[in-house]
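Colleague: Structure of the sequence below:
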Amino acid sequence: MTYTFVKNGTLIDGNGGEPVEKAAVLLNDGKIEAVGKEVELASLQPDTKVVDADGGYILPGLFDTHVHMMFQKAEMQKTLETPFSMRFYQAMDYLKKTIDIGITSVRDAGFTDVGVKQAIEEGLIAGPRMQVSINPLTITGGHGDSWMRSGIDVTNVTYPSMPDAICDGPDQVHKKVREMLRAGADIIKVHATGGVLSPTDHPEFTQFSQEELEIIVREASFRNGVKVMAHAQGSEGIKNAVRAGIHSIEHGIYLDDEAIELMLKHGTYLVPTLLAPVSVLELAETTNDMPAYAVEKSKEVAEIHKNSVAKAHRAGVKIAMGTDAGVMPHGTNLRELGLMCEIGMTPMEALQATTKVAAECMGWDNKLGTLETGKVADLIITKTNPLTDIRSLENKENITTVIKDGQLVKQNTVKTTVRI
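Modeller: The predicted structure follows:
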């Protein structure tokens, strides 16, 4: 048995209770064996590795429930000139940047194939554990259809493990869900409305009929209860998705009272991605990476988005942290927590959205999301107190240690010793 004793820190365990000072966590063979006061866990086993938190803060491994690990927005010319295979090598860098800021689990919302997930699981590359959706379902001309009016399809690359996702009508919807599941999808992603970054639609445009969305949910559930996540920004599309039984609403820009009531009734999660429109506007100021239509739509929705999420939070909708990473640079994900606090969440609520609630959203709450006996040994150590300065997490240097599955994957200044 391999023991690791994490000591000399303040414990924020993800459950929302008061932090525990002078705390420790005992890890054994990739699992949490004990959590509590350091003095109570002081009787270590022989040959125990000791990780000294050095007065820092011990938290569960973090989650991002909406990422795109196989791309990062770049200037169109560069995108067109870059060989396709480069995407896999670039993804290795994106994955490393993600786990280095303490995100040990992600839900990929599109364009990452199952081989990337497998490479992480087999230890070939470093990165967070993943759920993948393969290719998000979309209608012809909808969000996710990257066909431009020039006749060029700029980004929609398909290959054996990345089936084409455009589908129109019940019959095609049936088939595309089955193709994504065949390709290894852990979750099905569907574009229920238009979007900010798509060239030929608007966030309020509704995509797919109620019948089509219900088919998607039903077909996914036949495969061992696979859930469906929906890009849904306009109010009618959101309501269609919730009524159809979709598990989580991504973005939720135009949430009206009826949509919120439906989400509460159905227990639907909201993944706000507040950082996405903010990042589009920031990139537009400094680069030529963002097309004019995306900039204009981001300006239009930015405040509406914040107000909608704030209203949902006040009503008690379950909120899980997600960023749309890839729209903004990977490794900047934790800016989302500060934005969540700006719309009314407390720092503790933002942390829980990034740990416990996110784990629940991904169906992993039985093994991850909180620091409790028997759970998987994912934890991070921060130099600063996120409850008093949530934005301190935006500086990756303040994430001093990352442990995933009991293995040390990042260590800055924290002292590690072996007790013999």
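Colleague: Name the next helix or strand downstream of the strand or helix carrying residue 105, please.
Modeller: Secondary structure from DSSP states H and E places residue 105 in strand 103-108. Read in the C-terminal direction, the helix or strand following strand 103-108 is helix 114-121, with elements assigned using DSSP H and E.
Colleague: Give the pairing partners of the helix or strand following that next one; include direction for each.
Modeller: Scanning the chain past helix 114-121 towards its C-terminal end, the next helix or strand to appear is strand 129-132 (assignment: DSSP H and E). Strand partners for strand 129-132, identified by DSSP bridges, are recorded as strand 103-108 (parallel).
Colleague: And the contacts of the partner strand?
Modeller: 61-70, 98, 117, 128-133, 187, 229, 322, 333-334, 358-359, 361-362, 364, 368, 378, 380, 402, 404 (CB atoms under 8 Å, 6 or more residues apart in numbering). Quick note: C-beta positions are derived from backbone N, CA and C, even for glycine.
Colleague: which ones among the residues you listed are found in strands?
Modeller: Cross-referencing the contacts of strand 103-108 against strands under DSSP state E gives 62-67, 129-132, 229, 380, 402, 404.
Colleague: mind putting these in CSV, pLDDT included?
Modeller: Shown next, in CSV, are the ones in strands among the contacts of strand 103-108 (pLDDT from 0 to 100):
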residue, pLDDT
62, 98
63, 98
64, 98
65, 98
66, 98
67, 98
129, 98
130, 98
131, 98
132, 98
229, 98
380, 98
402, 98
404, 98
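Colleague: Nearest to residue 316 among those residues?
Modeller: Distance to residue 316, by CB to CB, is smallest for residue 65 among these, at 18.7 Å.
Colleague: Spit out the contact partners of the closest one.
Modeller: Applying CB under 8 Å, 6+ apart to residue 65 gives the contacts 106, 107, 248, 271, 320, 321, 322, 358, 361, 362.
Colleague: Could the C-alpha coordinates of the strand holding residue 105 be exported in CSV?
Modeller: Only the C-alpha atoms of strand 103-108 are listed here, as CSV (Å, rounded to 0.1, in the frame of the first residue of the first chain):
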residue,chain,number,x,y,z
ILE,A,103,-8.9,21.1,-12.9
THR,A,104,-8.7,17.3,-12.6
SER,A,105,-12.0,16.5,-14.3
VAL,A,106,-13.7,17.9,-17.5
ARG,A,107,-16.7,17.4,-19.7
ASP,A,108,-15.7,18.0,-23.3
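Colleague: So what's the gap between that strand and the chain middle?
Modeller: 5 Å (CA atoms, centre = their mean, to the nearest Å).
Colleague: go on, stretch 12-22?
Modeller: That offset, for stretch 12-22, works out to 23 Å (CA atoms, centre = their mean).
Colleague: List the buried residues of it.
Modeller: Neighbour-count burial for stretch 12-22 flags 12, 13, 14, 19, 20 (criterion: 16 or more other CB atoms under 10 Å).
Colleague: Need these in CSV (columns: distance to residue 213).
Modeller: Below are those laid out as CSV (distance: CB to CB, whole Å):
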residue, distance to residue 213
12, 38
13, 37
14, 32
19, 42
20, 44
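Colleague: taking those one by one, which sit in strands?
Modeller: Secondary structure defined by DSSP E assigns residue 20 of these to strands.
Colleague: Out of the buried residues of stretch 12-22, which is nearest to residue 253?
Modeller: Looking at those and their distance to residue 253, the nearest is residue 14, at 28.3 Å (CB to CB).
Colleague: ok so, going back, what's the farthest-apart pair in the buried residues of stretch 12-22?
Modeller: Distance extremes for these: the farthest pair is 14 and 20 at 12.1 Å, using CB to CB.
Colleague: For the helix ranked longest in the chain, name the packing helices and strands.
Modeller: Identified as the longest helix of the chain according to DSSP state H is helix 292-315. For helix 292-315, the elements it packs on are helix 257-266, helix 275-286, strand 318-319, helix 335-342, judged by 3 or more CB pairs under 8 Å, 6 or more residues apart in numbering; DSSP states H and E.
Colleague: Now with 10 Å, please.
Modeller: The helices and strands touching helix 292-315, judged by 3 or more CB pairs under 10 Å, 6 or more residues apart in numbering; DSSP states H and E, are strand 248-251, helix 257-266, strand 269-271, helix 275-286, strand 318-319, helix 335-342.
Colleague: and those, which is most packed in?
Modeller: strand 248-251 (a mean of 29; mean count of other CB atoms under 10 Å).
Colleague: Run me through the strand neighbours of that one, direction for each.
Modeller: In the sheet, strand 248-251 lines up with strand 228-232 (parallel), strand 269-271 (parallel) (DSSP bridges).
Colleague: Reformat these as CSV; add distance to residue 306.
Modeller: Conversion of those to CSV gives the following (distance: least, CB to CB, whole Å):
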stretch, distance to residue 306
strand 228-232, 17
strand 269-271, 13
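Colleague: Relative to residue 41, which of those is closest?
Modeller: Distances from residue 41 to each of the strands paired with strand 248-251 were compared by CB to CB, and the smallest falls on strand 269-271, at 34.5 Å.
Colleague: number of nearby residues for the closest residue in space to residue 184 that isn't next to it in sequence?
Modeller: Nearest non-adjacent residue to residue 184, counting by CB to CB, 6 or more residues apart in numbering: residue 114, 3.2 Å away. Counted with other CB atoms under 10 Å, the neighbours of residue 114 add up to 16.
Colleague: Might you report the residue contacts of residue 114?
Modeller: With contacts defined as CB atoms under 10 Å, 6 or more residues apart in numbering, residue 114 is in contact with 130, 132, 134, 161, 162, 183, 184, 185, 186.
Colleague: coming back round to it: show me which residues of the longest helix of the chain are buried.
Modeller: Those buried within helix 292-315 under the rule 16+ other CB under 10 Å are 294-295, 297-298, 300-302, 305-306, 308-313.
Colleague: Kindly report the same for stretch 136-144.
Modeller: Of the residues in stretch 136-144, those with enough neighbours to count as buried (16+ other CB under 10 Å) are 136, 137, 138, 139, 141, 142, 143, 144.
Colleague: tell me the domain boundaries of the protein?
Modeller: 3-61+370-419, 62-361 (automatic domain parsing).
Colleague: any idea how far the shortest one is from the chain center?
Modeller: Going back to what we said before, that points to domain 3-61+370-419. That offset, for domain 3-61+370-419, works out to 22 Å (CA atoms, centre = their mean).
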